[in-house]
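Trainee: no FASTA, just this:
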């Protein structure tokens, strides 16, 4: 049997296969979740996994989960991220997921979701904000972090992405160093994520998932804001897809 978890995010789609095959990959969601699902189906078939076979069970989650028309089950992001995070960090932990569209804080106690929070619809505290600012500075996301680590923070106070981008444009016009602007951008996002997370009593074990999960610079900055250790995770961006795959196996039982 193969158990497939598919997490269709707003910017990236993640796939994890557990069972006879052990596969994971990520690809851009693009403008159409439907087309992304077709690409996923074809790529899995190339790897010898047929999503339509009786020997596979599929769970879909994420922003575009309803587009996965071959899924056996459709499960919410909170449930799937909690299951995947629990597999990575144990039965008692907090999962901070910084996604492209939203940021989630999930508290897991005794292996179950005890509580959770999500940010509002503004993208200023998400990965999308970082992507926009990296594009404005003419660098990749990794280059943004590298520059930020060598810069001094320039304050970015706006809560709205549009106004925050105007602040960055003003700094560029003033001739401020890109390193200092990058440091201000990352600091701004870490501040907003920390403010959300501090609304709950976090346990000792806190992990970061999502597209920023393997950035040691961002996790270090976030740890400083929270006043406690936030652990990066090598495969944290797959937390939702991993949780979906594990839930596919559990539901099959």
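Mentor: Sure, I can see it. Note that this is a predicted model, so its numbers are computed, not measured.

Trainee: mind listing what's buried in stretch 73-86?
Mentor: Residues of stretch 73-86 classed as buried: 73-75, 77-86 (neighbour count, 16 or more other CB atoms under 10 Å). Placement of C-beta: from N, CA and C, glycine included.

Trainee: dump these to JSON lines, plus pLDDT and secondary structure.
Mentor: Formatted as JSON lines, the buried residues of stretch 73-86 follow (pLDDT from 0 to 100; DSSP: H, G, I helix; E, B strand; the rest coil):
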{"residue": "73", "pLDDT": "97", "secondary structure": "strand"}
{"residue": "74", "pLDDT": "97", "secondary structure": "strand"}
{"residue": "75", "pLDDT": "97", "secondary structure": "coil"}
{"residue": "77", "pLDDT": "93", "secondary structure": "helix"}
{"residue": "78", "pLDDT": "95", "secondary structure": "helix"}
{"residue": "79", "pLDDT": "96", "secondary structure": "helix"}
{"residue": "80", "pLDDT": "96", "secondary structure": "helix"}
{"residue": "81", "pLDDT": "95", "secondary structure": "helix"}
{"residue": "82", "pLDDT": "95", "secondary structure": "helix"}
{"residue": "83", "pLDDT": "96", "secondary structure": "helix"}
{"residue": "84", "pLDDT": "96", "secondary structure": "helix"}
{"residue": "85", "pLDDT": "94", "secondary structure": "helix"}
{"residue": "86", "pLDDT": "94", "secondary structure": "helix"}
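
Trainee: of all those, which comes closest to residue 113?
Mentor: residue 82 (4.7 Å; CB to CB).

Trainee: was I right about that closest one contacting residue 105?
Mentor: No. If you go by CB atoms under 8 Å, residue 82 and residue 105 don't touch, sitting 11.1 Å apart.

Trainee: and for stretch 11-23, what are the contacting residues?
Mentor: Contact with stretch 11-23 is made by 1-7, 24-29, 33, 36, 40, 43-44, 47-49, 55, 62, 64, 100-101, 127-128, 131, 211, 237-238, 240-242, 244-246, 249, as judged by CB atoms under 8 Å, 6 or more residues apart in numbering.

Trainee: any of those residues buried? List them.
Mentor: Buried subset of those (neighbour count, 16+ other CB under 10 Å): 2-7, 24, 26, 29, 33, 36, 40, 44, 49, 62, 64, 100, 127-128, 131, 211, 237-238, 240-242, 244-246, 249.

Trainee: list the residues that contact both of residue 82 and residue 105?
Mentor: Both residue 82 and residue 105 are contacted by 95, 116, under the criterion CB under 8 Å, 6+ apart.

Trainee: give me the number of residues near residue 189?
Mentor: Residues contacting residue 189 under the criterion other CB atoms under 10 Å number 25.

Trainee: residue numbering should commence at 45 henceforth.
Mentor: New numbering, starting at 45: the last item is residue 233.

Trainee: and it, that one's in a helix?
Mentor: Yes. In this structure, residue 233 lies within a helix as judged by DSSP: H, G, I helix; E, B strand; the rest coil.

Trainee: read off the pLDDT value for it.
Mentor: pLDDT for residue 233: 91.
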